[in-house]
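In: What follows is a predicted protein model with its sequence.
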2 protein chains.
Amino acid sequence: MNLKELSQNLGLSQTTVSRALNGYPEVSPATRARVEEAAKTFNYRPSTRAKGLATGKALAIGHVIPVSNKHEMVNPIFGDFIAGAGETYSRHGYEMILSIVADEDENQVYRGLKSRRAVDGVIVHGPRMNDPRIPLLHDLGLPFAVHGRASGCALPYAWLDVNNRSAFLRATDFLFDLGHRRIALINGIEGMDFAHRRREGYSASLLAHGLHVDPALMRAGEMTEVFGFQSAMDMLGGPDAPTAILCSSLISALGVRRAIDERGLVIGKDVSVVTHDDDLSYLQNGGDVPIFTATRSSVRDAGRRLATMLLAAIAAPHAPPQHHLLEAELMIGQSTGPAPKRD
Amino acid sequence: MNLKELSQNLGLSQTTVSRALNGYPEVSPATRARVEEAAKTFNYRPSTRAKGLATGKALAIGHVIPVSNKHEMVNPIFGDFIAGAGETYSRHGYEMILSIVADEDENQVYRGLKSRRAVDGVIVHGPRMNDPRIPLLHDLGLPFAVHGRASGCALPYAWLDVNNRSAFLRATDFLFDLGHRRIALINGIEGMDFAHRRREGYSASLLAHGLHVDPALMRAGEMTEVFGFQSAMDMLGGPDAPTAILCSSLISALGVRRAIDERGLVIGKDVSVVTHDDDLSYLQNGGDVPIFTATRSSVRDAGRRLATMLLAAIAAPHAPPQHHLLEAELMIGQSTGPAPKRD
DNA sequence: AATCATTTTCAAAGCGCTTTGGATATGCCT
DNA sequence: AGGCATATCCAAAGCGCTTTGAAAATGATT
C-alpha cells in the first residue's frame, strides 16, 4: 500500500493524506481521523526512502564500529551502548545503521555515509588521543557526537564521557587508604583516550601520596580475560608483587581473579582488586553485594544520553555542541581489604 | 555532488554516467574510465535513498534484536555475530539496520520494516520454540534467515544453526567416559530453541548410559555470570552434589568457576566443567590451552555465513530455502578430569 | 444575496536516481 | 558511396513521498 493507493481509496488527494498523517494543521479533525484509521487498517507506513528523498533527511543515525584488525575484537560494551541509543532512536522515528569496519578503513566509511547521504549524523566510538576522525567529520559537515573524548583535539565537538580521571584517582586513593603501597594498573590499549585518562588519575593519586609510578606495575592491552590473567600472573609472580590491582574492565578483572587463584592467593585478602564496571547487562558485578569493588557507570545509559544529544544537535545545527561528564560511582565489594602486613 | 552535477561536469547525460558507474556494457571503455575518475575526484556516491526508490530495493538488511524486558539483557554474542554479518554486507554494498526492541513489540517492528520498505530482508535472532515470527515473516513476504532454528515450526525457512544436540550429547558422553555419573546442566532460558536442543542432547546421553535425568541437576535462566554462580553454589552445596557441570555459555561458566572456588573445591579435580564456547573475540577461552573444556563454534563465522545465505535468498527469491548445520568442536581444556573417587 | 475571510482540499513540481525506447555516430561490407 | 549492423549516447518517465501555490468549499458579514 502506498500513498497514492491510500488516497484513492479515501477519495482524497495525496497532499491531504500526507498532511493528515504528518500532523499539519490544515486538515479538518474529521478528515484526519478518517485518514488515520484507514492508514491503520491498511497498515500503511510511508516508504523511508521516498520520504527521505523528499525531505532531504535520512532519518537515520550511523554507528561506525571499529574492529581492531589486530585482534578482530568487537568492544564488549558495544551491545549495551547501542541498546541504549536504539531506544532513543526508535522513540524519535530514527533508524540506526551500523557499519562494522576495520580500523584503517574508517575514514572511507565516514566519507561514504556522507556522500551517499545515508545518515543525518554519526556516533563516534572508541576515540583515541588526537583522533583524526573529529577533524574529518568537521570538514565533511556531518553532525556527530563522541562517546568519550579525544585529548589533544582543539575543535569543539559534542561528547559524553565518564570522568575516567577522577574515577581512577578515587579508586587509587581508596586503595592507598587501605594501606596499599604497591598498586598495579591493568589498563586498556595505549592511545585510547579513556586509557590515557585513567592512567592520569592513577598516577596523580600515587604522586599525591608521595609514591612513584612504577612501570613494572603497569600493563596496557585489549581488555580480554586472558590479558587480565596474564598481566596479573606476571606481576604476582615477580619480585615486589603488587598488593592491589586496578583494572580497566570487568572482563579482565575476571582474568585477574583467575590469576590470583592460580597463584594460591586470596582475593580481597592477599591481593585487592578494583575494576571499572560498565554495568553490562550480561555481566553484572554480582548481585546485592558486588563481587568486585568497582567504579561503576552504565554504558547503556550513556548510549541513551548520547543519542539524545546527537538528535538535538541535528535538530539545531547552529547550537554550540553539548558535553556531558558522568561521574562513576565507587561501589565497595568483596575484592578489597586492608593491605597484608609485610612478613 | 549529485548525478546531475556530475554529468554536466563531464558533458554527458545522466544515463551514460549512471550506466558507466553501474557496469553496464553499453558504455565505451574510454568514457567509463573518464566517468569513474571524475566520480572519484568529486567523491561522488549515489544517494542510497534515491537509488533505493528507483530500483525498488532497499539495499539494507534488518537485524531485530530482542531485549528481554525482564532483564533488559542484550545477548552478549550479538556483537560478534553482527561483526561477521557486517563484513558480508559491506562487501555486497548492503547496509545493516538495527532495531533494538522489547520482546513484546517485535511483531510491530517486522511489520514496520516491511511496510516502510526499509529493508530487503531480515535476520531473526534468538528463535524460540514454535517461534511466531517465522509464520509472520512468511505472511509478510519479507525474506528472512534464522540464526538457530525453531522446533515445531512446519514452514520451510532458511536457517543456520550449531548442532546443539550433538554437541551436548558428545560433551555429556565425554564426562561419562571420565567416570562422572552426576552431571549437572546449567542451560539457557527454557523456551529458547537452542536450550531445548542442548537439553535433549544431554538427556539422550544420560539415558543411553542408563542414567536417569535428575531435575535437581538442571537449571535454566539468562546466561549471566551471576546465574552460573548461583546455580553452581546451589547444586554444589546440596546433598548428592554433581561431580561435573555442563554449561551453556562461557560467561556463566566463569560464574561456575567462582562458585567452585568459593566452595573450596578445585575445578578439573573435584568438579569438572564443560561449557559451550561461542568463540567471542573479547572472551577467548584461554590462550593455547583452553581454560575450559568446551564445545566451540564461532558465532562470528555464523554471522558471515548466515548473511551470505540471506543475500543469496534475496537474489533468488524462488530458490528453496537453504540450511546450514555447523558441528561444534570439542576442545579439551583444564577444567575436566576423572571423576573423584567416592569416599 | 453578494462579498470576503477562512478552512479544506488539490494538481503539479521536485527530491536523485534507474531504465526504457529512441536517436545518432561509427565502422564494415558490398 | 550506399546500406546495414553495432556501438554509443540521450531525453524523458517513473519510483513514493513532501510541499508550494492555487482552487474550491464553507461560513460569517454586510
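Out: Alright, I've got the coordinates.
In: just for chain A, where's the confidence low?
Out: Counting by pLDDT under 70, the low-confidence segments of chain A come to A:69-71, A:342-343.
In: what residues does the stretch 201-343 of chain A put near chain B?
Out: Counting by Cβ under 8 Å from any Cβ of the partner chain, the stretch 201-343 of chain A comes close to chain B at A:222-226, A:230, A:251, A:254, A:257-258, A:261, A:280-284, A:286-287, A:291, A:300. The C-beta positions use only the backbone N, C-alpha and C, and glycine is treated the same way.
In: Okay, and which of those residues map to helices?
Out: Counted as lying in helices by DSSP state H, out of these, are A:225, A:226, A:230, A:251, A:254, A:257, A:258, A:261, A:300.
In: okay, now the third one: neighbour count?
Out: Translated: residue A:230. For residue A:230, the neighbour count with other Cβ atoms under 10 Å in any protein chain shown is 19.
In: and what of the fourth one?
Out: When neighbours are defined as other Cβ under 10 Å, residue A:251 has 26 of them.
In: With residue A:213 instead?
Out: 14.
In: what's the answer for the one 5 residues further on, then?
Out: Burial of residue A:218, expressed as a neighbour count using other Cβ under 10 Å, amounts to 18.
In: My guess is it contacts residue A:190. True?
Out: No. In this structure residue A:218 lies outside contact range of residue A:190 using Cβ atoms under 8 Å: 9.9 Å.
In: Using the three-state scheme, assign residue A:12.
Out: Counting by DSSP: H, G, I helix; E, B strand; the rest coil, the backbone at residue A:12 sits in coil.
In: hang on, I meant residue A:62
Out: strand.
In: Give me the distance between it and residue A:77.
Out: Applying Cβ to Cβ, to the nearest Å, the value for residue A:62 to residue A:77 is 18 Å.
In: Pull the most distant pair out of the ones in helices among the residues of the stretch 201-343 of chain A next to chain B.
Out: Spatial extent of those (Cβ to Cβ) is set by the pair A:261 and A:300 at 30.4 Å.
In: which residues touch residue A:59?
Out: A:48, A:51, A:52, A:93, A:94, A:95, A:120 (Cβ atoms under 8 Å, 6 or more residues apart in numbering or on different chains).
In: Filter those down to the ones in helices?
Out: A:48, A:51, A:52.
In: Distance of the residue nearest to the second one when sequence neighbours are not counted relative to residue A:120?
Out: Of all residues beyond its chain neighbours, the one nearest residue A:51 is residue A:59 (7.1 Å), with distances taken as Cβ to Cβ, 6 or more residues apart in numbering or on different chains. Using Cβ to Cβ, one obtains 7 Å as the distance from residue A:59 to residue A:120.
In: Please enumerate the shared neighbours of those two.
Out: Joint contacts of residue A:59 and residue A:120 (Cβ under 8 Å, 6+ apart) are residue A:94.
In: Where do the helices of chain A begin and end?
Out: Taking DSSP H as the criterion, chain A carries its helices at A:3-10, A:14-21, A:29-41, A:48-55, A:78-91, A:106-115, A:133-140, A:164-177, A:193-208, A:225-237, A:250-262, A:299-315.
In: how about the first one, does it get close to chain B?
Out: No. Using Cβ under 8 Å from any Cβ, helix A:3-10 stays clear of chain B, coming no nearer than 11.2 Å.
In: quick one: that helix to helix A:14-21, angle?
Out: Between the axes of helix A:3-10 and helix A:14-21, defined by axes from the mean of the first three to the mean of the last three Cα atoms, to 10 degrees, the angle is 90 degrees.
In: So helix A:3-10, near DNA strand D or not?
Out: Yes. Counting by Cβ under 7 Å from any atom of the strand, DNA strand D has neighbours in helix A:3-10: A:3, A:4.
In: related to what we said a few turns ago, dump the ones in helices among the residues of the stretch 201-343 of chain A next to chain B to CSV, plus distance to residue B:152.
Out: Formatted as CSV, these follow (distance: Cβ to Cβ, whole Å):
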residue, distance to residue B:152
A:225, 37
A:226, 40
A:230, 46
A:251, 36
A:254, 37
A:257, 41
A:258, 40
A:261, 43
A:300, 33
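In: In PyMOL, select just the buried ones from the residues of the stretch 201-343 of chain A next to chain B.
Out: Buried members of those can be picked out in PyMOL with the line below, counting by 16 or more other Cβ atoms under 10 Å in any protein chain shown:
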select buried, chain A and resi 222+223+224+225+226+230+251+254+257+258+261+280+281+282+283+284+286+291+300
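In: any idea how far chain B is from residue A:127?
Out: 19 Å (Cβ to the nearest Cβ, to the nearest Å).
In: To clarify, my last question referred to residue A:162.
Out: Relative to chain B, residue A:162 is positioned 19 Å away (Cβ to the nearest Cβ).
In: was I right about that residue contacting residue A:296?
Out: No. Under the criterion of Cβ under 8 Å, residue A:162 makes no contact with residue A:296, lying 9.6 Å away.
In: Which one's more surrounded, the two?
Out: More neighbours surround residue A:162 than the other of residue A:162 and residue A:296, with 26 against 19 (other Cβ under 10 Å).
In: The more buried one and residue A:77, how far apart?
Out: Distance from residue A:162 to residue A:77, by Cβ to Cβ: 11 Å.
In: try residue A:276
Out: Taken as Cβ to Cβ, the span from residue A:276 to residue A:77 is 10 Å.
In: joint contacts of those two?
Out: With Cβ under 8 Å, 6+ apart as the test, residue A:276 and residue A:77 reach no residue in common.
In: Which residues are in contact with whatever residue of the stretch 101-250 of chain A ends up closest to chain B?
Out: Nearest residue of the stretch 101-250 of chain A to chain B, counting by Cβ to the nearest Cβ: residue A:115, 4.1 Å away. Residue A:115 sits next to B:1, B:43, B:44, B:45 when contact means Cβ under 8 Å, 6+ apart.
In: and which of these is nearest chain A?
Out: The closest of those to chain A turns out to be residue B:45 (Cβ to the nearest Cβ; 4.1 Å).
In: Go ahead and confirm the closest one touches residue A:116.
Out: Yes. Contact status for residue B:45 versus residue A:116: in contact at 4.5 Å, counting by Cβ under 8 Å.
In: list the residues that contact both of those two?
Out: With Cβ under 8 Å, 6+ apart, residue B:45 and residue A:116 have no common neighbours.
In: what is the residue of the stretch 151-300 of chain A found nearest DNA strand D paired to in the beta sheet?
Out: The stretch 151-300 of chain A approaches DNA strand D most closely through residue A:158 (25.3 Å), counting by Cβ to the nearest atom of the strand. Judged by DSSP bridges, the bridge partners of residue A:158 are residue A:145.
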